[in-house]
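> Got a predicted structure plus its sequence, pasted below:
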Amino acid sequence: MTCRLGLVLLLSCLTPLAATAQGNAPPEVDVAKPVSQQIQIWDQFTGRFEAQERVEVRARVSGYLQSVNFTDGQIVNKGDLLYVIDPRPFEAEVGRARAGVLNARSQLTLAEIELERAEELLERRTISASEVDRRMAQRDIASAEVQSAEALLRTAELDLEFSNIRSPITGRISETFVDIGNLVSGGMTQSTLLATIVSLDPIYFEFDVSEQAYLKYSRLARSGMRSSSRETANPVYVRVSGEDRWTRRGHMNYVANEIGDNTGTVRGRAIFENDDYFLQPGLFGQLRLIGSEPFDGVLVPDEALVSDQSVKLVMVVGADNVIEPRPVTPGPIVNGLRVISDGLTGEETIVVNGVQRARPGAPVTPNPVEIEVTLDGLDATPVVTE
């Protein structure tokens, strides 16, 4: 009985000591070396797709609309017949113009014959030279009448041709704005708008670049670190809502020649293939443009950064597993990791998880882990998100 009581007293004394020893153990944190790899910065912009060509289909002659030869919203090819304006008045005008050409040619033939006879009589001295000059002038007048009649015929034929309205480009047509039987006005500034057509393949993507970004690109081009998009078709990638990969590749093909007065931005334009007609003019998207040459970078998880007012810190595990706070300069996120522009060499061991348990100058219990690198879906090319 006495021994059992002594054992209980001994255990009750040892329990607080064990708890105290466990409470003094350094906290456990996940540690790893920063990821060192060659990366390339890509800048991201928001913009809209625009048609490379947009045409307003208007009548070039006036008349009653006879037929509509397309379905609203369909794809039309260049040269397809879209509308027919009643051609009968124009056919009649062509017939009248052809008769005028025949009449003018007959008058020219008569004038040439009379001139030839006058020249023969002049050789026999039975006619005056002034008469020959008169008949020569009549021949020239008749020749001019032929040319005028032929021009009227070509005009009439053009009007007849314009009564068949054909698609000037390949693209998607809108609904028809005029129904069959309506009078169409043509050949003037306020000609009747019949429909619109927008080209789809290829398609433009237009976006605005800030003045700071423009200056950055200009300095990179001047230093030879990145070619100007005005001179080089720099590659770009675009994605639309609902897409998490950057699989649509295009290239730059235009940079505006001035900075907007009201916006302080520069308009840029890229071009993309769109053979499946998936992309539509007016659709919003996000674009990525090369922002740097490839370089060796140091990357860490964003969770490894600690904020001390305006200073960003990384907890480095030093000698004897003691925490050393290291000021760093963070950059953009690449492949799910934060680029460290300055402050780390890549050889350090840093706290990547449990940073809230790491105290400067205090020891920790390191648990080595691997930092996961996730490609951003740009054909295995490292990219940046803002």
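On my side now, so go ahead.
> Run through the residues that contact the nearest residue to residue 230 once chain neighbours are set aside.
Spatial nearest neighbour of residue 230, excluding adjacent residues (Cβ to Cβ, 6 or more residues apart in numbering): residue 255 at 4.9 Å. All C-beta spots, glycine's among them, are computed from the backbone N, C-alpha and C. Taking Cβ atoms under 8 Å, 6 or more residues apart in numbering, we find residue 255 in contact with 228, 229, 230, 266, 267, 268, 269.
> what would these look like in CSV with pLDDT and distance to residue 77?
Converted to CSV, the contacts of residue 255 look like this (pLDDT from 0 to 100; distance: Cβ to Cβ, whole Å):
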residue, pLDDT, distance to residue 77
228, 87, 37
229, 88, 32
230, 88, 34
266, 93, 36
267, 94, 31
268, 94, 31
269, 95, 25
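> Sitting in helices, which of those do you find?
Using DSSP state H, the subset of those located in helices is empty.
> And the helices in the stretch 101-250 of the chain?
129-162, 211-223 (DSSP state H, counting those that start in this stretch).
> mind checking which of these is nearest residue 71?
Ranking the helices of the stretch 101-250 of the chain by proximity to residue 71 (Cβ to Cβ) places helix 129-162 first, at 23.0 Å.
> how about that closest one: buried residues?
132, 135-136, 138-139, 142-143, 145-146, 149-150, 152-153, 156, 159-160, 162 (16 or more other Cβ atoms under 10 Å).
> Show me what that helix is packed up against.
Under the contact definition 3 or more Cβ pairs under 8 Å, 6 or more residues apart in numbering; DSSP states H and E, helix 129-162 sits against helix 88-123.
> what sits opposite the residue nearest to residue 230 in the beta ladder?
residue 268 (DSSP bridges).
> and what of residue 67?
Under the criterion used (DSSP bridges), residue 67 bridges to residue 84.
> ok, now how distant is it from residue 159?
18 Å (Cβ to Cβ, to the nearest Å).
> Then residue 316?
According to Cβ to Cβ, residue 316 and residue 159 sit 84 Å apart.
> swap in residue 74?
Here the criterion is Cβ to Cβ. By it, residue 74 lies 28 Å from residue 159.
> Show the contacting residues for residue 201.
Neighbours of residue 201 in contact, by Cβ under 8 Å, 6+ apart: 273, 274, 275, 277.
> Could I get these in TSV, plus columns for neighbour count?
As requested, the contacts of residue 201 are arranged in TSV below (neighbours: other Cβ atoms under 10 Å):
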residue	neighbour count
273	12
274	19
275	8
277	12
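> and of these, the nearest to residue 241?
Closest approach between the contacts of residue 201 and residue 241, by Cβ to Cβ: residue 274, at 16.5 Å.
> Now stretch 126-142 - C-alpha only, CSV.
Output of stretch 126-142 as CSV, limited to C-alpha atoms (Å, rounded to 0.1, in the frame of the first residue of the first chain):
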residue,chain,number,x,y,z
THR,A,126,-13.3,70.6,-157.3
ILE,A,127,-13.8,71.4,-153.6
SER,A,128,-12.3,74.0,-151.3
ALA,A,129,-9.8,73.1,-148.5
SER,A,130,-12.2,74.7,-146.0
GLU,A,131,-14.9,72.1,-146.9
VAL,A,132,-12.4,69.4,-146.2
ASP,A,133,-11.6,70.9,-142.8
ARG,A,134,-15.3,71.1,-142.0
ARG,A,135,-15.8,67.4,-142.9
MET,A,136,-12.7,66.5,-140.8
ALA,A,137,-14.2,68.3,-137.8
GLN,A,138,-17.5,66.5,-138.3
ARG,A,139,-15.5,63.2,-138.3
ASP,A,140,-13.9,64.1,-135.0
ILE,A,141,-17.2,65.1,-133.5
ALA,A,142,-18.7,61.8,-134.5
